[in-house]
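Chemist: Below is the sequence, then the predicted model.
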Amino acid sequence: EARDLDLAKDLQQSANPVIEDELSAESRPNSDDGDIDHSESFTNWQLLQVMAGGLTGNVLEWFDFSVYTAVASELGQNFFPESEAQLIASLAIFAASFLMRPLGGMVFGHIGDRYGRKTALVISISLMAASSLAMGLMPTYATIGLAAPLALGLLKCAQGLSVGGEMVGSMLFLCEYASRRQRGFFGSTVFASSTVGITLGVAVVAVLRMHLTEEEMLSYGWRIPFVAGVGIALVACWLRFALEEPPAFRQLQESSAVARNPLRTAVTKHWK
C-alpha cells in the first residue's frame, strides 16, 4: 500500500506542471491561433467613437428602408398607373429589394476583405444616401411615365444591396475592435441600431402625417424623409472617415496577407 501511495504522489507531481502550462496558455491574451485581442490598446472614448461610426450608418440604412414602407401608399399613387394595385406594386418593389441583400453581403464582403472594412462601410452608406436622395427628388409617373416605376425599382434594389453590406460589415467592424469578452455585446448593438433606425423612420412619417393634409402628403410630404436622411449620412461618413481600419486588418495589410480574391477564396475553401 505504501508503494502504491508513493507512485500516486509521483504521478500527481508529474502531471501538475503540464496542467499549469495548459492553464497559463489559455489565460494568455495573445494566443497562437491568430485570434489576437487588440482591445487593450484602445480607450473607452476610442471604442465609443468606433461604435458611433459603425452604428450611425446602420441607423440610416434602416431609417431609409423603413420610410419606404411607411409611405408606400403615396409611392404607389405617384409612381404607378392609376389602378387598385398601386399599393401592391409599391410593396412588390420593396419585397424585391430583399433579394438584393445576400448579393450586397457578397459584394461588400469582398470589398471589405480586399480593400478594408472602413472602405466598404463608407461605400455602402454613400450608396444608400445617394439612392435615397434620388428617390426623394425623382419625377413621378405623371411626368416621365413608365420610367418612374423602373427607376424606383432600381433605386430600391440599390438600397437593398447597401443594407446587405452594411449589416454584416458594421458587425464585423465592431467585433474586430472589441475585446473577446465584449464581442457578443458589440455585435448585438448592430441589431439594436437597426431597430432604432426602423422606429425613427416610422416616427418621422407619423409626425408628417399629423402636420400635413393628405393632399400635401401625397404631393411633397413623402419626399421629406428621403431627403432628410442625407443629413444622417453626412454625419455617418464624417465619423467613418475619422476611424482607422481594425487592428486585425491592418496587421494583414502590413504582412501582405490580404487575399487577392476573397470571394473566390470563401466560395472554394470555406463553402461549408
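Modeler: Right, received. Where do you want to start?
Chemist: Quick check on residue 178: phi, psi?
Modeler: Residue 178 adopts backbone torsions of phi -80, psi 160, taken as degrees, to the nearest 10.
Chemist: Give me the pLDDT for it.
Modeler: Per-residue pLDDT puts residue 178 at 83.
Chemist: start at 25 instead
Modeler: All right, first residue 25 from here; so that's residue 202.
Chemist: secondary structure class for the nearest residue to it once chain neighbours are set aside?
Modeler: Once flanking residues are discounted, residue 202 sits nearest to residue 210: 3.9 Å by CB to CB, 6 or more residues apart in numbering. Using the backbone N, CA and C atoms, a C-beta is placed for each residue, glycine as well. The assignment at residue 210 comes out as helix when based on DSSP: H, G, I helix; E, B strand; the rest coil.
Chemist: what sits against residue 210?
Modeler: Residues near residue 210 by CB atoms under 8 Å, 6 or more residues apart in numbering: 75, 198-199, 201-202.
Chemist: How many residues are close by residue 76?
Modeler: 16 (other CB atoms under 10 Å).
Chemist: how much space between it and residue 254?
Modeler: Applying CB to CB, to the nearest Å, the value for residue 76 to residue 254 is 18 Å.
Chemist: As a check, name the ranges of all helices in the stretch 125-274 of the chain.
Modeler: Taking DSSP state H, counting those that start in this stretch as the test, the helices found in the stretch 125-274 of the chain are 141-161, 165-168, 171-201, 207-235, 238-240, 247-265, 271-278.
Chemist: In a markdown table, list the ones you listed along with distance to residue 68.
Modeler: Putting the helices of the stretch 125-274 of the chain into a markdown table (distance: least, CB to CB, whole Å) gives the following:
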| stretch | distance to residue 68 |
| --- | --- |
| helix 141-161 | 21 |
| helix 165-168 | 52 |
| helix 171-201 | 12 |
| helix 207-235 | 13 |
| helix 238-240 | 46 |
| helix 247-265 | 17 |
| helix 271-278 | 17 |
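Chemist: If you average pLDDT over each of those helices, which is lowest?
Modeler: Looking at those, the weakest mean confidence is helix 271-278, a mean of 77.
Chemist: tell me which strands and helices that helix is in contact with?
Modeler: When contacts are defined as 3 or more CB pairs under 8 Å, 6 or more residues apart in numbering; DSSP states H and E, helix 271-278 sits against helix 171-201.
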